Every structure is written in structure tokens, then in C-alpha cells.
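Colleague: What follows is a protein structure lacking sequence information:
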Ligand SMILES: Nc1ncnc2c1ncn2[C@@H]1O[C@H](COP(=O)(O)OP(=O)(O)OP(=O)(O)O)[C@@H](O)[C@H]1O
Ligand SMILES: [Mg+2]
């Protein structure tokens, strides 16, 4: 079976220097896949590579077997991949509802079922639909960001540190939403700073360090791996 | 001097001039917000619009106010053309390159106006217009038309930005350009729509300046500074701010004549700009920090 999303030996960076050195990973339908690793490991960069925001000098990225290497972001959105960046991931001066609308920019016609789906996942947002997104709390902003990316009903959702800076209660809520999203048929690839919690709840994980693959396996395998534990999980 | 006289001699002309500045400042603030550079050809594009309307009136015999939409469409197309010819190539370069290029465009547009229409002052209509008396306040029809058209155009623009798909895309691009691109917004289309609107507004500013004063090839260039002062006073990226800023600069310029020799009128806008940049660079309505 071909994986939904596959990065194979991707090499590239922002300028001339290669930040990613032959990174490979894949996501299958119905999976939550986590990328963990130390700061500066290239986790965000790997996501940007998928989304066409990097100069790629080797390897390939495919979605359902179709090569999307080097396509423009709007073409990648159309191919069924949506992305929530680590920072600046909402339109602050637009309302919650307008943020979601922008997420569905490429779709024309009736959006009411898409709005219903997203408001169903994030009931908090329905109450605050007329609020400017910039006036929300951190956790609510993260929900807006995820909601925006879910408006197009993507095949794969890329989340870069969805729980950064959130309280444990919110973190648990975001993880639960991730499971709901997966159960609704969207595969997830997420970068997580909270490695332990992420590995405990994901299906599979990758450990990245200095721009290359270090370990991979199911969440449980990685948690049990001594080397991984010493490197990233604080023993 | 009594209150009515003060209104008639200073406030009314100030609001009329301010409405003209507002039309220009709204365009400047849109360019700042979406394209993120200072557009120095703004004034000369207004001059061009004014003279296109002049040609429509004098050569084609178009009724005066019907010349306004003609000039707006023509100038909008010129603005799009200028963007394609010059600014588009510089999009990836540092912004200052585009700012300097827009200065060159300003000189080019002005030269074209001078070659076609000469350097003498012209007017749309001949003869003296008597103001009508509204409970002691004297208003000319063209003054009323200036203020009402400005309000009408700005309301239309606001409706467009709040309600339509491409209006929202423009706001998104101004708010968070990267995320707008990630959402699939086509930057080239947003730039096109922006220049259509900005060009149209430029032409309206030039038309009303020509209508209330006279048409000269330097008319637009001379209002560049007050238009920028108005945009920054209102807060960069804020449409309502640009309108308020325009009205304030217009009124302050007119009122300044009470205290200062009228040659210093232009310096008032400069003073406002300077004070704002020092005291509150985000403007009255908290615009973007540049
Ligand atoms: N826009 C950029 N331009 C140039 N270099 C960058 C850029 N963004 C990141 N880098 C560099 O790329 C490397 C990897 O950064 P990246 O953001 O992918 O790390 P990360 O694993 O996401 O870290 P964190 O956990 O802190 O988010 C770092 O050395 C960083 O300095
Ligand atoms: Mg990161």
C-alpha cells in the first residue's frame, strides 16, 4: 500500500545550506504520526519542506503516490494537505468565522457543512465566532488555527507544535481533538515539544536530530528505547 | 470673528480638502498594508486621473460628474499596468527599491501629463459658482459632492473588504501574508485588485482636487505629503483611520492660515507627520508598525 504522504531522502534548506539531510518519513491513512527532537533539529523545516516553502535539492515528496515536490503552497492545499505553522498561524484582525472562511478559500459553493464540522470539533469557537482571533486566549487561537486548516477537509493535516505554551488541560484537549480528527478520516503529522505525551498518544513517531532521521517506530517502542529516553525524554 | 464665519472660512474648506486627502490616504494605506511599501507615485497618479476626466469633459463632451467613473477606470488600468511593468519585477527585492522606483514612476507620469496637457492651469468648468446658504453655512454643490462621494466610495470599499471573497483575501494578505498564501490565496490576484481600487481612488482624489481648485501638472505631487501624513495619522492599514486622518490634516491646514502665513500651509502636514512618528507611530487607530 502506498502511504498517504511520503518524504523520501529529502535534502534542502532556506538558502544554500542544507538543513535537512536525507529526511524520510511517511504517514498512512488513519494515523497520527509525531515528529520529536531537540530544538533546532529541523522539525519545523521538515514540515515546510512538505509545504513547498523550502529549496529542495534532493529526494521527493509524494501525496498518494503523486509527486508534489516543489509545487506552490496553493497547489499543495489542493492536493489535500493543510498546514498549521508553529507561529503566526491565525489572522489576528479577522473574526474567528472569517479565519475559518479563509481556510476554505479554495473551495467555492456552500460551506455550511464544513463550518458545522469544524464548530462541532471546537464548540468553544462557535460561541466566539464574531470575536477577533487576536483577542482569544492561546488555546483558543490554536483551535482557530486548526479549524482553519480543517475547513478544506484535508487528507493530511500538518500541525507544528499545536500544544506549545498551553496548560496541561488544554494540551489534553488538543490531543483529544487530534484523535477526533483522525477518527473523522484525516491523517495527522505533528511536531511536538512534549515528546513523552506525544509519543504516548501517537501511532508512530520519528526522532529527528541535526536535520536527519535518528529513530523511528511506534510510540510505545520509542518510549521504551533507552537511547531515545536519554537523548530527548530527560532519562 | 463669529462661529459661522469660522466654519465658512476654515472648517468647510478644511473638510473638503480633507475629503480629497482622505481619498488619497485610503489608497496609500492600502498599498502600505498589502504591498508594504510607500507609494510615491500616488500624487501623480491622481494628477493623471484629473486630466483624464478633463479630456473626457472637454474633448468628448461627457457631463462633468460622468467623467469621474471614466477617470477612475482609466487610472485603475494604468495603475495595474504600472505595477506589471515596474513594481512586479521588484517584489522579491528589498522594499526600498520599489519605493525609489515609484519615485521614478511619479516623474514619468507627471511628464506624460505635461507632454499631453501642458503645464498651464485648467479648469473643468468656467464661470463663478455661487455657494448656497444652508442656515448660515455656505456650501457649493461641488463641495457637497466631494464630501459625499468620498463617504460613498469609502463605504463601498469597506463593504467590499468586509463582505466579498477577494475583499477578505486582501484583509488576510494585510494581516498575515504567509498564512494567506498557505490558505491558497493567489497573491497576484490580490495585487491586481488592490491596484484597481487604489488607482480608482487616486483618480477620484485628483478629480475633486481639480474640481475645487484647478488642474495643474504639479497638483498631485503637492498633495503627496498631506496624503502620507493622513495615512500615518490614521494608522497604517486602517481605512477609517485614513479618512479621519485626511479630514484632520485638511482642517488643520486650513485653520493654520489663521496663525501662519499661508505659504506655511504645506508645512502643517509635515509637522503633523513628524509629531505622529515621534509620539505615536502606530497612528490614532493603532495601525501596523512599519
Ligand atoms: N527561516 C529560516 N531561515 C534560515 N534558517 C532557518 C530558518 N528557520 C529555521 N532555520 C534554521 O534551521 C534549523 C532548524 O530549525 P527548525 O525551525 O526546523 O527547528 P525545530 O526542530 O522546529 O526547532 P524548535 O523545536 O525550536 O521549533 C535551525 O538551525 C534554524 O536556525
Ligand atoms: Mg519548530
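Modeller: Perfect, thanks for sending it. As the structure is a prediction and not an experimental result, all values here were calculated from the model. Numbering: from 1, shown residues only, chains lettered A, B, ... in the order given. Ligands and ions are numbered 1, 2, ... in the order given.
Colleague: which parts of chain A sit against ligand 1?
Modeller: Residues of chain A lying close to ligand 1 by C-beta under 6 Å from any ligand atom are A:14, A:19, A:37, A:39-45, A:86, A:193. Heads up, the C-betas are built off the backbone N, CA and C, glycines and all.
Colleague: give me the element the closest residue to ligand 2 within chain A is part of.
Modeller: Nearest to ligand 2 in chain A, going by C-beta to the ion, is residue A:44, at a distance of 3.1 Å. Assigned by DSSP states H and E, residue A:44 falls within helix A:43-50.
Colleague: what's in contact with that helix?
Modeller: If you take C-beta atoms under 8 Å, 6 or more residues apart in numbering or on different chains as the criterion, helix A:43-50 is touched by A:5, A:7, A:10, A:12-14, A:19-20, A:23, A:25, A:35-37, A:54, A:56, A:61, A:68, A:76, A:81, A:83, A:85-86, A:158, A:160-161, A:189, A:191, A:208, A:211.
Colleague: same deal with stretch B:101-111?
Modeller: The contact list for stretch B:101-111 (C-beta under 8 Å, 6+ apart) reads B:37-45, B:47-48, B:82, B:86-87, B:90, B:217-218, B:220-221.
Colleague: Among those, which are located in helices?
Modeller: Under the assignment DSSP state H, the contacts of stretch B:101-111 contribute B:42-45, B:47-48, B:82, B:220-221 to helices.
Colleague: Report the two of those residues separated the most.
Modeller: Greatest spatial distance in those: B:82 and B:221, 15.9 Å, computed using C-beta to C-beta.
Colleague: related to what we said a few turns ago, include neighbour count when you put the residues of chain A next to ligand 1 into a markdown table, please.
Modeller: As requested, the residues of chain A next to ligand 1 are exported to a markdown table (neighbours: other C-beta atoms under 10 Å in any protein chain shown):
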| residue | neighbour count |
| --- | --- |
| A:14 | 12 |
| A:19 | 22 |
| A:37 | 26 |
| A:39 | 6 |
| A:40 | 12 |
| A:41 | 21 |
| A:42 | 23 |
| A:43 | 27 |
| A:44 | 18 |
| A:45 | 20 |
| A:86 | 17 |
| A:193 | 17 |
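Colleague: hang on, the earlier thing: which PyMOL command selects the buried ones in the contacts of helix A:43-50?
Modeller: In PyMOL, a selection of the buried entries from these looks like this (16 or more other C-beta atoms under 10 Å in any protein chain shown):
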select buried, chain A and resi 5+7+10+12+13+19+20+23+25+35+36+37+54+56+61+68+76+81+83+85+86+158+160+161+189+191+208+211
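Colleague: now, which of the contacts of helix A:43-50 lie close to chain B?
Modeller: Applying C-beta under 8 Å from any C-beta of the partner chain to the contacts of helix A:43-50, one finds that A:83, A:85 fall near chain B.
Colleague: Also near ligand 2: which of the contacts of helix A:43-50, exactly?
Modeller: Counting by C-beta under 5 Å from the ion, residue A:86 from the contacts of helix A:43-50 sit close to ligand 2.
Colleague: So which residues of chain B form helices?
Modeller: Using DSSP H, the helices found in chain B span residues B:3-6, B:12-30, B:42-58, B:67-85, B:95-117, B:141-163, B:165-175, B:177-182, B:187-212, B:219-222, B:224-234, B:239-256, B:265-279.
Colleague: I misspoke; the intended subject was chain A.
Modeller: Counting by DSSP H, the helices of chain A are A:43-50, A:73-78, A:96-103, A:112-121, A:123-127, A:138-150, A:168-183, A:195-201, A:219-224, A:226-232.
Colleague: what residues are up against residue A:93?
Modeller: Neighbouring residues of residue A:93 by C-beta under 8 Å, 6+ apart: A:132-134, B:171, B:174-175.
Colleague: export the residues you listed to JSON lines and tack on pLDDT, neighbour count and distance to residue A:144?
Modeller: Shown next, in JSON lines, are the contacts of residue A:93 (pLDDT from 0 to 100; neighbours: other C-beta atoms under 10 Å in any protein chain shown; distance: C-beta to C-beta, whole Å):
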{"residue": "A:132", "pLDDT": "95", "neighbour count": "16", "distance to residue A:144": "10"}
{"residue": "A:133", "pLDDT": "95", "neighbour count": "27", "distance to residue A:144": "5"}
{"residue": "A:134", "pLDDT": "94", "neighbour count": "13", "distance to residue A:144": "10"}
{"residue": "B:171", "pLDDT": "95", "neighbour count": "22", "distance to residue A:144": "15"}
{"residue": "B:174", "pLDDT": "93", "neighbour count": "25", "distance to residue A:144": "18"}
{"residue": "B:175", "pLDDT": "93", "neighbour count": "24", "distance to residue A:144": "13"}
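Colleague: Which pLDDT value goes with residue 116?
Modeller: This is for chain A. Note for residue A:116: predicted pLDDT of 94.
Colleague: actually it's chain B I care about, not the one you picked
Modeller: On pLDDT, residue B:116 comes in at 93.
Colleague: Which residue, other than its chain neighbours, is closest to it?
Modeller: Closest residue in space to residue B:116, ignoring its immediate chain neighbours: residue B:51 at 7.2 Å, by C-beta to C-beta, 6 or more residues apart in numbering or on different chains.
Colleague: Let's see the pLDDT reported for that neighbour.
Modeller: 96.
Colleague: Wait, it touches residue B:117, no?
Modeller: Yes: shown here, residue B:51 and residue B:117 form a contact pair, counting by C-beta atoms under 8 Å, at 5.1 Å.
Colleague: Please identify which of the two sits among more neighbours.
Modeller: Higher neighbour count among residue B:51 and residue B:117: residue B:51, with 27 against 20, using other C-beta atoms under 10 Å in any protein chain shown.
Colleague: and that one, what does it touch?
Modeller: Under the criterion of C-beta under 8 Å, 6+ apart, the neighbours of residue B:51 are B:113, B:116-117, B:206, B:215.
Colleague: now with 10 Å?
Modeller: Listed by C-beta atoms under 10 Å, 6 or more residues apart in numbering or on different chains, the contact set of residue B:51 reads B:71, B:75, B:112-114, B:116-117, B:122, B:203, B:206-207, B:210, B:215-217, B:219-220.
Colleague: And residue B:90, by the same measure?
Modeller: By C-beta under 10 Å, 6+ apart, the residues touching residue B:90 are B:37, B:96-102.
Colleague: Let me have the residues you listed in a markdown table, adding distance to residue B:261, pLDDT and neighbour count as columns.
Modeller: Listed next are those as a markdown table, based on distance: C-beta to C-beta, whole Å; pLDDT from 0 to 100; neighbours: other C-beta atoms under 10 Å in any protein chain shown:
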| residue | distance to residue B:261 | pLDDT | neighbour count |
| --- | --- | --- | --- |
| B:37 | 35 | 92 | 20 |
| B:96 | 35 | 92 | 11 |
| B:97 | 39 | 93 | 15 |
| B:98 | 37 | 93 | 24 |
| B:99 | 32 | 92 | 14 |
| B:100 | 34 | 94 | 13 |
| B:101 | 36 | 93 | 19 |
| B:102 | 32 | 94 | 22 |
